[in-house]
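In: Only the shape, not the letters, is given here:
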């Protein structure tokens, strides 16, 4: 498995140690772009002696990375599957990620990125993840899963403004699980990279961009309720590829899990991928 450049799970990033100083890079680490992540993958492919990949499948940020790969290295594959992806972020999702980053950087424990590993900006990370979990899913799913169900033994709660509903308790628990695994600075760097990516950079628009690619077949998949990369983003990509006479199909799957659908709806996404690779 390849770990994206900038991640805190094995790849080089702001949480890595500078071999010269022995200290963590923190904010001295260079700004990371989606293009950097894509270009860091190419040497691995070359090192394995692979001339061209059978296909590239990219969901969400991975879809942006896939777009950057085929743009930087034409011919690296001739088949592409984009799942809940976009050629660039829209104002709503940029605003959401901006708020998430502010939640982290406004935590006193962040200390301009120089936090102690034993004293992380946990409150900021919790709030950022809490907001993320709300927007990664959909109102339809929340209504179906939780409705207005109350937490058991609600009468015994001591905090007047504490969690009352099961949806609140669920989001809190998921947020608490997340903060123990993810480095705050890495989160900020990768979030910023998503906002900055523009597939059409260097061209007039995405139609002109895809005209310079070397592809045979493209599948673009999305869902109806996606607040991060709305289905309009997938439609824009479809229209651009279609205008260049590529063999391309567009699927809107009936998943209710929002942007995270591709992580949990194995039935619908599995069927779509199986059909493409049949």
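Out: That came through fine. These figures come from a predicted structure and were not determined experimentally.
In: Quick one, grab the pLDDT at residue 177.
Out: Per-residue pLDDT puts residue 177 at 86.
In: measure it to residue 119 for me?
Out: To residue 119, residue 177 is 19 Å away according to C-beta to C-beta, to the nearest Å. Yep, even glycine has a C-beta here, placed from its N, CA and C like the rest.
In: same check, this time on residue 3
Out: According to C-beta to C-beta, residue 3 stands 26 Å off from residue 119.
In: who has more neighbours, those two?
Out: Remark: of residue 3 and residue 119, residue 3 carries more neighbours, 13 against 9, as counted by other C-beta atoms under 10 Å.
In: which ones are touching that one?
Out: Going by C-beta atoms under 8 Å, 6 or more residues apart in numbering, residue 3 touches 9-11.
In: among those residues, who's most crowded?
Out: residue 11 (16 neighbours).
In: That residue contacts residue 5, doesn't it?
Out: Yes: using C-beta atoms under 8 Å, residue 11 is in contact with residue 5, at 5.3 Å.
In: what sits against the spatially most central residue of the chain?
Out: Most central in the chain under C-alpha atoms, centre = their mean is residue 61, positioned 3.9 Å from the mean C-alpha point. By C-beta under 8 Å, 6+ apart, the residues touching residue 61 are 4, 34, 190, 193-194.
In: again, 10 Å this time
Out: Shown in contact with residue 61 (C-beta atoms under 10 Å, 6 or more residues apart in numbering): 4, 34, 37, 84-86, 190-191, 193-194, 197, 228-229.
In: What residues sit buried inside the helix or strand of the chain with the lowest mean pLDDT?
Out: The weakest-scoring helix or strand in the chain, judged by mean pLDDT, DSSP states H and E, is helix 166-179 (a mean of 91). For helix 166-179, burial by neighbour count (16 or more other C-beta atoms under 10 Å) applies to 166-167, 169-172, 175, 178-179.
In: And stretch 90-110, by the same measure?
Out: Judged by neighbour count using 16+ other C-beta under 10 Å, the buried positions of stretch 90-110 are 93, 96-97, 100-101, 103-105, 107, 110.
In: Return the subset of the residues you listed lying in helices.
Out: Counting by DSSP state H, the buried residues of stretch 90-110 place 93, 96-97, 100-101, 103-105 in helices.
In: Which of the residues you listed sits closest to residue 211?
Out: Nearest to residue 211 among those: residue 93, at 26.5 Å, using C-beta to C-beta.
In: Per the annotation, how does the chain divide into domains?
Out: 31-88+198-278, 91-196 (automatic domain parsing).
In: before we move on, back to that, now the least confident helix or strand of the chain: how far from the chain's centre is it?
Out: Mean-position distance between helix 166-179 and its chain equals 19 Å (C-alpha atoms, centre = their mean, to the nearest Å).
In: after it, next one along is what?
Out: For helix 166-179, the following helix or strand on the C-terminal side (DSSP states H and E) is helix 184-196.
In: next SSE after that next one?
Out: helix 206-210.
In: Could you list every helix and strand that that following helix packs against?
Out: Under the contact criterion of 3 or more C-beta pairs under 10 Å, 6 or more residues apart in numbering; DSSP states H and E, helix 206-210 touches helix 61-72, helix 231-243.
In: Setting the sequence-adjacent residues aside, check what's closest to residue 4.
Out: In space, and not counting its chain neighbours, residue 4 is closest to residue 37: 5.0 Å by C-beta to C-beta, 6 or more residues apart in numbering.
In: And the pLDDT for the one you found?
Out: At residue 37, the model reports a pLDDT of 96.
In: Is it correct that it falls within a helix?
Out: Yes: with DSSP: H, G, I helix; E, B strand; the rest coil as the criterion, residue 37 is part of a helix.
In: Was I right to think it contacts residue 12?
Out: No: with contact defined as C-beta atoms under 10 Å, residue 37 does not reach residue 12; the gap is 11.2 Å.
In: between those two, which one's more packed in?
Out: Taking other C-beta under 10 Å, residue 37 and residue 12 do not tie; residue 37 has more neighbours (24 against 15).
In: what residues are up against that one?
Out: Contacts for residue 37 (C-beta under 10 Å, 6+ apart) come out as 2, 4-7, 11, 61-62, 64-65, 68-69, 190, 193, 197.
In: ok, residue 129 - how many residues close by?
Out: Residue 129 is flanked by 24 other residues according to other C-beta under 10 Å.
In: Brilliant, that's me finished.
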